Structures are given as structure tokens and as C-alpha cells.
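Asks: coords below, sequence missing:
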């Protein structure tokens, strides 16, 4: 009986080691592009076919190094996006980048080609690393810092869409309400004197921790894009995410339809805490907006 028990325990330990080895050596390799069509009848014709790349949770310096970031950038450029949105955790709090690594990261991010612009918000790891360093990298990479700000985006017409950014809610002193004030002022401005100014017809929110959508009126946004959860990083068939970080306890899977709002959560490109991924390959999302 004791021998059978030891044999059984040995098999369990061996299986665990094999799974861990797969998750460490193979699970973090490769790149999946999730192509998603988003249809909304209110979109004007000039935004029909508009292309958005959504990247998140790179955690540069862990499993994503200079070779991998170059491959990611090359793949993005093949898709010829109109805008690129980075929803936090470019950096990792436990990895201090050398000057050479920082320059390599900047050079590659700068090589992302878009027809309009690139936008980024901070994640909790970016704050833990050093928000000033994050801001320097973002600006030198030709990304626009969209922390707690919005940007009107025009595409061959005078009717814009809006992208609003929200900084990590696990750091800082501003409340969600305070962060949304510029956007709310835009949408509620009834004293417009400029007859050429047109309010946006489609609203996009980019934020890091998805659970904070419960702290504001989410239906004012047609599309919410987040990261943070990595969709669990380690997943099991029929069970799903095994680890759900603070800020992604309620919302952590790839997609949620919340009344009139589409919520997409990126599975991320890198790893956090442990350098393993299981049934959850590195990925980014590629959205095509459609009005038909």
C-alpha cells in the first residue's frame, strides 16, 4: 500500500513538473492575433473598416525581450492599423531595465506604424516601476500619454470618435469620477459656440483594471478595452482562469457584453509574477469597426 501511494505521488509530481516545464518553455512562446469585428450602426461611413490594435501587459524584460518585441511590432505593422492602444503594464515592477534595454524598447515601439496615432495609459506595474520612467519611454516612443484624458479622432471627415484613457486605479489619489471629468465635460457641453465642433458618435474607453467599470456609467462607452487580468495567464479547460488579480476579480475573461457596451480584456503579451502561461498564449487584439 505504501509503495502504491509513493508511486502515485511520484506520478503526480512528474505530471506537475511536465506541465510547469511546458508552461515555462513553450506556453510563453508564439503570438496569437485575435481578429474581431465590432459592429455599430451609429458609426459614420468614414469609420467603417477603421482598424484598431490593442496591446497590453508586455511586462518588458521578463518573457518579452528585444527579439520578441521586434516580432510583435513587425506583426502589428503587417496589419496596417489606424490607431494602436496600449492598456498598461508596459514595464514590470520586479525588472529593472538597463539603459540599453530601455533604448531597445523605445526604438522598437517607435517603429510601430499607424495612419493616425498611438496612445498609452499606465498600469499598476508601470507605477510600481517608476511612473516618470514610464512616461519618458512612452513619449520617446511617439505614443501619446492618455492618462485621464481624451482624444478626438478624425478619419477623413468632420465627425469624430473619442478615445478616453484612465490611469491605473490601484495607484494615485484621483477618484474614478475625477478622472472622467474631462470626458464628461466634453459630452455634456451644451454651450458650444463653434458650429464646426461636432460631438463624437462612438466612445472608446481604455483602462487597465477592468473591475473599475463598476465605478462609472459604463454605457456611455460603446467599447471598453482593458488588460491586467492576462485572462488568467494560467487557464485550465472547463475551469478557465486560475489566478484573478485585484482589479480583475469580476471581469477577467476575453469578452463581456454589458448591455450596450462591448468589454474586451487583452490576454497580454508578457507574464507577471511567474514566467508561465498555460492554455493562454501571448496575444493582442485586432479590431475592425463596422457600421454594417
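Replies: Looks like it arrived, so ask away. Keep in mind that this is a model prediction, so the values were computed, not measured.
Asks: which sections of this structure are below the confidence cut-off?
Replies: By pLDDT under 70, the weakly predicted segments of the chain are 189-197.
Asks: Helices along that one, start to end?
Replies: Assigned by DSSP state H, the helices in the chain fall at 2-25, 66-78, 99-110, 124-140, 176-179, 181-188.
Asks: which helices and strands sit right next to the shortest one?
Replies: Helices and strands in packing contact with helix 176-179 are not found; criterion 3 or more C-beta pairs under 8 Å, 6 or more residues apart in numbering; DSSP states H and E. In this view, the C-beta of every residue, glycine as well, is placed from N, C-alpha and C.
Asks: next one: that helix to chain centre, how far?
Replies: Relative to its chain's centre, helix 176-179 lies at 20 Å (C-alpha atoms, centre = their mean, to the nearest Å).
Asks: now do the third one
Replies: In this view, helix 99-110 has its centroid 20 Å away from the chain centroid, taken as C-alpha atoms, centre = their mean.
Asks: change the start of the numbering to 826 and stick with it
Replies: With 826 as the first residue, the last one maps to helix 924-935.
Asks: what angle sits between that helix and helix 949-965?
Replies: 70 degrees (axes from the mean of the first three to the mean of the last three C-alpha atoms, to 10 degrees).
Asks: just the strands in the chain please.
Replies: For the chain, the strands defined by DSSP state E occupy 857-864, 876-880, 908-912, 942-946, 969-970, 975-978, 986-990, 1028-1031, 1048-1051, 1060-1061, 1065-1066, 1080-1083, 1086-1090, 1108-1115.
Asks: Partner strands of the second one, with direction?
Replies: Spelled out, that is strand 876-880. strand 908-912 (parallel), strand 1108-1115 (antiparallel) (DSSP bridges).
Asks: same deal with the fifth one?
Replies: The sheet places strand 969-970 alongside strand 942-946 (parallel), with pairing taken from DSSP bridges.
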